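1. would you be able to build a 3D model of this:
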Amino acid sequence: MDLPQCCSLFLLGKHEIPFGLGWGWYQEMDYETGGGLPVNSKKRRETFESAVSSVTSLLESFADISPLENVFLLSYASGADVAMEVASRITFGGCMCFRGGDSVKSSFKKTDVLQLLGRRDGRYSGTRAANKRVEQIHFDRDGQMGDSKEEVKELFKWLAP
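-> Numbering: from 1, shown residues only. So this is what the prediction gives:
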């Protein structure tokens, strides 16, 4: 596969997860008790929508630099939830997700999506548009980010024209 000249931009979510667990894109848990927030929790919905709006605006700003069909998101966990929701709202090159996405119920009418999932990862169950790819590839691993040769190979096959 011939790769064009490109650059990468890495972003971390703005919500620091307690217990030294890193950063998230929206508040999925009650940081005082450590318990998960229900999907319909006001705090979870508001912080999720804020993250989706921010990433959508950022991607739309790239249109001055490059056609959005040349922009791809590679995401993990809560970032995958956000990336998949953005993919349901605007058209860009594609969205590759490790874990995450199971709470997204929007349909993908605009952007292709690839989910690389482990044994216990949730599955996207929303509507798929016939003219766009929403692929799920399952691997025998737990929740870590995929790093096997097989997963990288699938990622590049999906990216190839």
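
2. what is the burial count for Asn70?
-> 12 (other C-beta atoms under 10 Å). Where C-beta positions appear, they are placed from N, C-alpha and C, glycine not excepted.

3. give the buried residues for the top helix by length along the chain.
-> Longest helix in the chain by number of residues (criterion: DSSP state H): helix 42-61. For helix 42-61, burial by neighbour count (16 or more other C-beta atoms under 10 Å) applies to 44, 47-48, 50-52, 54-56, 59.

4. what number of residues are in the vicinity of Gly20?
-> Neighbours around Gly20, by other C-beta under 10 Å: 6.

5. find the helix or strand that it is a member of.
-> Here Gly20 sits in a region with no helix or strand, counting by DSSP states H and E.

6. so what does it look like in phi/psi?
-> phi 70, psi 30 (degrees, to the nearest 10).

7. return the residues in contact with it.
-> With contacts defined as C-beta atoms under 8 Å, 6 or more residues apart in numbering, Gly20 has no neighbours.

8. how close does it get to Leu116?
-> According to C-beta to C-beta, to the nearest Å, Gly20 and Leu116 sit 26 Å apart.

9. next one: Ser66
-> Distance from Ser66 to Leu116, by C-beta to C-beta: 25 Å.

10. give me the contact list for the longest helix of the chain.
-> Under C-beta under 8 Å, 6+ apart, the answer for helix 42-61 is 11, 13-15, 25-28, 37-38, 68, 71, 73, 81-83, 85-86, 89-90, 92.

11. just to be sure, which of the residues you listed are found in helices?
-> Short answer: these in helices (DSSP H) are 81-83, 85-86, 89.
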